[in-house]
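# model the following, please.
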Amino acid sequence: MFEVFLSNAAQKSLKNLDKRIVERAKKALLTLKTSPLPIKEYDIKKLSGEKDTYRLRISRYRIVYDIDWDNKAVTVIKIDKRDEKTYSYHK
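Below is the predicted model of the structure:
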């Protein structure tokens with residue numbers, strides 16, 4: 001079982017999303033607890049140039065997250081609508 005942490009930016013984004021998207025995002029975050037790479041359920045892609053950073057697709061929105069395999073932790077970096085700025089962030 002993995003622990004899921006949300007960055008401040010991810011928490012803020014989650015509060016401002018449409019209710020339907022929030023429900024789908026919460027379901028996805030619960031899935032990450034048991035399987036940090038739920039490839040069958042969601043469109044998961046590894047971000048190029050990053051070690052253990054992935055994106056999960058929910059409709060037009062993306063959840064960008066890091067996996068810490070040693071500590072069994074998933075850190076959600078951001079939840080954002082897909083555009084040219086979606087994958088730019090600072091760790």
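
# for the rest of this, base every contact and every neighbour count on C-alpha atoms.
OK.

# hang on, residue 30 in a strand?
No: secondary structure of residue 30 (DSSP: H, G, I helix; E, B strand; the rest coil): helix, not part of a strand.

# burial count for it?
15 (other Cα atoms under 10 Å).

# next one: residue 2
What residue 2 shows, counting by other Cα under 10 Å, is a neighbour count of 18.

# hang on, isn't it packed against residue 68?
No: using Cα atoms under 8 Å, residue 2 is not in contact with residue 68, being 9.1 Å away.

# list residues touching both of those two?
residue 74 (Cα atoms under 8 Å, 6 or more residues apart in numbering).

# residue 47 touches residue 54, doesn't it?
Yes: if you go by Cα under 8 Å, residue 47 and residue 54 touch, sitting 5.3 Å apart.

# of those two, which one has the most company?
Set side by side, residue 47 and residue 54 show more neighbours around residue 54, with 22 against 15, by other Cα under 10 Å.

# list the residues that contact the more buried one.
Counting by Cα under 8 Å, 6+ apart, the residues that residue 54 touches are 44-47, 64-66.

# ok, residue 29 next?
residue 4.

# the same query, at a cut-off of 7 Å, please.
Counting by Cα atoms under 7 Å, 6 or more residues apart in numbering, residue 29 makes contact with nothing.

# next: residue 67.
52-53, 73-75.

# list only buried entries from the contacts of residue 54.
44, 46, 64-66 (16 or more other Cα atoms under 10 Å).

# understood, closing this out.
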